[in-house]
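1. Just need the structure, nothing else, for what follows:
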Amino acid sequence: MKRDIYPDILFLMETKNPDSFVLKKMKQLQYENSHLISPTGHGAGGLALFWKQEIKLQILNSSANCIDVCIEFEGKSFFASFVYGDTDKPKRRAIWDLLLERNNARDTPWFLTGDLNDLLNNDEKVGGPSRPEASFTDMRSFYSEGDLYDLRHSGDCLSWRGQRGDYLVRCRLDWAAANSYWAEMFPNARSQYLTRELIELKRSELECALTDPANDTDLISKVSNELNDAYLSEEEYWRQRSRLLWLSLSDRNTGFFHATAKNRKRANAFTVIEDDEGTMVYQEDQIGRVIVNYFHDLFRAIEGNREETVAYALSPMVNDEMSDTHNATVSRRDQRGSVLHSRRQSPRTRWLFR
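-> This next block holds a predicted model:
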């Protein structure tokens, strides 16, 4: 992992082992700082957070389901929550409520990531029957009340795979989200699901299994199946990148149920604009000048004689002859003609003229 990907902060969920075992396995990655939460039972749970020496990170709160921290990065400070959502719905809802309470008290940039163990909609799963809309209420409410937005992502986001009855189900349980304050602070932030890295790992494991003198056929079969699933996942990812399919299925990555509720500045953010000469401008200060110049030219007074235009706009459109015609007294003959005409047009209204 360190050879290709060496993140500044590494979060592990479901370590399922004693802290000493986790630290021993992680020693080769040479992280100077760590914070571990021991498993709650035998082979269940466990969290671990590792970060480099140059990262200013302060642990604020920690539990079996969340490590809450404050981070300083590039001169900017924000709060971050590394979460493992409980599989029990009431307990998971309690975690959401606690996180919302902390966030509301801060009202500052907030980043959240981890296995939330829940979905926003049925587009986040493949296989098995569709879930009822009511089952997404907790997650949607959590996102909406927390002003949370899903980070733009790449890779195969359906990171969980399991058998549910007769169905093979794949769904998105791992998330990276942030509130609008954080998104304004880091507008180019992106999340990546490491599909290719998984393929390389499984290929390496398969090679080791095939060259092992023990010739463990069960292990070879297991790793082969996992490698095949990884290839299928990557194929699905690139298929989804097709523009035609993207349009037919809609962009699941930006179809937020709450995107119009609290979009603030992020919804209107852009990184390029074309000036009046057709030149593309990318720098923030240059973009600002293009906008200012546009509206300056739009509302700038232009010399010219406008008295004729104003006089025409204010001149009466009804002349004396037209006014006399409209104000003339209706004769008895005209009234009778109108009544007879109305009778012929609508028999059901005859009683009105008796």
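2. Residue 112 pairs with what?
-> Taking DSSP bridges as the rule, residue 112 bridges to residue 81, residue 177.
3. So that it lines up with my notes, have the first residue be 29 from now on.
-> In the new numbering, first residue 29, that becomes residue 140.
4. Just confirm it contacts residue 109, I think it does.
-> Yes: A contact is recorded between residue 140 and residue 109 when judged using CB atoms under 8 Å, the distance being 4.6 Å. For every residue, glycine as well, the C-beta is placed using N, CA and C.
5. So which of the two has more stuff around it?
-> Shown here are residue 140 and residue 109; by other CB atoms under 10 Å, residue 140 has more neighbours (25 against 22).
6. Helix, strand, or coil at the residue nearest to residue 72 when sequence neighbours are not counted?
-> Take residue 72 and drop its neighbours on the chain: the residue closest to it by CB to CB, 6 or more residues apart in numbering is residue 44, 6.5 Å away. Under DSSP: H, G, I helix; E, B strand; the rest coil, the three-state class of residue 44 is coil.
7. Next, count neighbours for residue 44.
-> Summarising burial for residue 44: neighbours were counted as other CB under 10 Å, giving 14.
8. Now do the shared contacts for residue 140 and residue 109.
-> Among the neighbours of residue 140, those also in contact with residue 109 (CB atoms under 8 Å, 6 or more residues apart in numbering) are residue 127.
9. Now do stretch 184-192: distance from first to last residue.
-> By CA to CA, to the nearest Å, the extent of stretch 184-192 from end to end equals 20 Å.
10. in the stretch 129-278 of the chain, which spans are helices?
-> Shown for the stretch 129-278 of the chain, the helices assigned by DSSP state H, counting those that start in this stretch span residues 165-173, 208-213, 223-239, 245-268, 271-277.
11. For the residue nearest to residue 72, give me its contacts.
-> 67, 71-74.
12. Can you get me a residue count around residue 165?
-> Summarising burial for residue 165: neighbours were counted as other CB under 10 Å, giving 11.
13. pLDDT wise, what is it at?
-> Per-residue confidence at residue 165 stands at 90 (pLDDT).
14. Equivalent analysis for residue 131, please.
-> At residue 131, the model reports a pLDDT of 90.
15. Do I have it right that it meets residue 138?
-> Yes: because the distance of 5.4 Å satisfies CB under 8 Å, residue 131 is recorded as touching residue 138.
16. and for those two, which residues touch both?
-> Contact criterion CB under 8 Å, 6+ apart; residues shared by residue 131 and residue 138: 107, 174, 207.
17. Which one (most neighbours) among those?
-> residue 207 leads the shared contacts of residue 131 and residue 138 on contacts (other CB under 10 Å) with 26 neighbours.
18. List the contacts of it.
-> Counting by CB under 8 Å, 6+ apart, residue 207 has contacts 131, 137-138, 174-177.
19. same thing but 7 Å
-> In this structure, residue 207 makes contact with 137-138, 174-176, judged by CB atoms under 7 Å, 6 or more residues apart in numbering.
20. swap in residue 198?
-> When contacts are counted by CB under 7 Å, 6+ apart, residue 198 touches 153-155, 186, 188-189.
21. at 10 Å instead, please
-> With CB atoms under 10 Å, 6 or more residues apart in numbering as the criterion, the residues that contact residue 198 are 152-156, 184-190, 257, 260-261, 264.
22. if we can go back for a sec, looking at neighbours, which among the contacts of residue 207 is most surrounded?
-> In the contacts of residue 207, the most neighbours by other CB under 10 Å go to residue 176, 26 neighbours.
23. what sits opposite that residue in the beta ladder?
-> Residue 176 has the following beta-bridge partners by DSSP bridges: residue 207.
24. wait, it sits on residue 209?
-> No: taking contacts as CB atoms under 10 Å, residue 176 lies outside contact range of residue 209: 11.0 Å.
25. Now list whatever residues contact both of the two.
-> Any residue near both residue 176 and residue 209 by CB under 10 Å, 6+ apart counts here, and that gives 138-139.
26. Flag the shaky bits of this protein, pLDDT-wise.
-> Using pLDDT under 70 as the threshold, the predicted model of the chain has low-confidence ranges 29-32, 70-71, 223-226, 228, 258-300, 310, 359-382.
27. Nearest the middle, which residue of it would you pick?
-> Nearest to the geometric centre of the chain sits residue 178, at 2.7 Å (CA atoms, centre = their mean).
28. Report the buried residues of stretch 156-171.
-> For stretch 156-171, the buried set under the neighbour-count rule, 16 or more other CB atoms under 10 Å, comprises 156, 164, 166-168, 170-171.
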